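Undergrad: coordinates only, sequence not included:
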RNA sequence: AAGCCUAUAAGGAU
């Protein structure tokens, strides 16, 4: 059983859900009975493969098989519902965990907060956080908010454009001795973007760097988006240039998608075509986000011939036609 | 600890 769960975990981490499923099925054929750990590992593999419903089915199968379901397994099913944006289901799973006499831990709360976050239910997420804080003193650290708790809440506020609330959570986080990280950064930048405060994004980004923290790819991309939404076209491209100079970050297809969208909105088809060349030179494969903004930029600039050329290039790039 | 939790882009449809 130990051998199988280790194998499953390896394939799960490698993103090979198919292979993990085969192994899981082989177990039963060989007569090895999967335990809770094998089941939760398999659930995790399904989630990585975007198959959250499969993960839920596995959980139900496990219960039906009379296997003792533990906290980690419950956490995995809450997380599966979070991935599927089913916060009510996640909530129900959290409740039934208690009814089964299992004490939720920090990860259980985080998974539930994440479900609310994905559904845009900020108030609900904050409510869950309140109960977490109420329960924390009685549980000897078992449900203490973690850095993930704060980051998830900040992200929820960010999506809703609740900048002040997001900043207040960052301060609370620091008072709990959690150091803001790149996830925190991305959430705060999103909050600035949604609140229409690009200046604040600049301020936060600079303060972050001044404290010796290294922005990663997602942080740079979020920063570009905050500037783009604020119509700070030049600055956004300035960030892109900075990225190219860094050794540890490389613009990706999301970076180019965001920048291409900026070209479109700023009515700059020439820049869009230049950017397209740069992207090719950088070896980044365009996707439909990039192509659509590029086509829109050509359309806006009434560059019909160029648009047709781009269109032909798409035909040669079949995997981008999602 | 063999398993669980967090962040980034466009148009269309819903």
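TA: Good, I have the coordinates. Keep in mind the model is a prediction, meaning the values are calculated, not measured. Numbers count the residues shown, from 1 in each chain, chains lettered A, B, ... in the order given.
Undergrad: from residue A:228, how far off is the residue of chain A found nearest RNA strand B?
TA: Residue of chain A nearest RNA strand B, by C-beta to the nearest atom of the strand: residue A:257 (2.4 Å). Yep, even glycine has a C-beta here, placed from its N, CA and C like the rest. Between residue A:257 and residue A:228 the computed distance is 11 Å (C-beta to C-beta, to the nearest Å).
Undergrad: next one: residue A:176
TA: Taking C-beta to C-beta, one finds residue A:176 at 33 Å from residue A:228.
Undergrad: ok, these two, which is more surrounded?
TA: Neighbour count, other C-beta atoms under 10 Å: between residue A:176 and residue A:228, residue A:228 has more, with 23 against 13.
Undergrad: which element is the more buried one on?
TA: Assigned by DSSP states H and E, residue A:228 belongs to helix A:217-229.
Undergrad: just residue A:11 next, same as before
TA: Judged by DSSP H and E, residue A:11 forms part of helix A:2-13.
Undergrad: just the helices in the stretch 51-200 of chain A please.
TA: Under the criterion DSSP state H, counting those that start in this stretch, helices of the stretch 51-200 of chain A are mapped to A:52-64, A:71-83, A:87-99, A:106-118, A:122-135, A:147-159, A:163-175, A:182-195, A:198-210.
Undergrad: re the thing from before, leaving out chain neighbours, which residue sits closest to the residue of chain A closest to RNA strand B?
TA: Leaving aside its sequence neighbours, residue A:257 sits nearest to residue A:289 (C-beta to C-beta, 6 or more residues apart in numbering; 3.8 Å).
Undergrad: residue A:252 is in contact with the one you found, correct?
TA: No: under the criterion of C-beta atoms under 8 Å, residue A:289 makes no contact with residue A:252, lying 11.5 Å away.
Undergrad: what sits closest to residue A:105 if chain neighbours are left out?
TA: residue A:142 (5.3 Å).
Undergrad: now for the one you found: which residues touch it?
TA: Counting by C-beta atoms under 8 Å, 6 or more residues apart in numbering, residue A:142 makes contact with A:103, A:105-106.
Undergrad: where does chain A have low pLDDT?
TA: A:318, A:320-322 (pLDDT under 70).
Undergrad: what does the stretch 151-300 of chain A put close to RNA strand B?
TA: Proximity of the stretch 151-300 of chain A to RNA strand B, by C-beta under 7 Å from any atom of the strand, involves residues A:151-152, A:155, A:158-159, A:182-183, A:185-187, A:190, A:216-219, A:221-222, A:225, A:253-254, A:257-258, A:261, A:264, A:287-290, A:292-293, A:296.
Undergrad: isn't residue A:121 up against residue A:87?
TA: Yes: in this structure, residue A:121 is within contact of residue A:87 by C-beta under 8 Å, at 5.7 Å.
Undergrad: more neighbours: these two, which one.
TA: residue A:87 (24 against 20).
Undergrad: wait, the more buried one sits on residue A:119?
TA: Yes: at 4.5 Å, residue A:87 and residue A:119 qualify as touching, with contact defined as C-beta under 8 Å.
Undergrad: what residues of stretch A:163-180 count as buried?
TA: Within stretch A:163-180, the residues that qualify as buried are A:163, A:165-167, A:169-170, A:172-173, A:178, A:180, counting by 16 or more other C-beta atoms under 10 Å.
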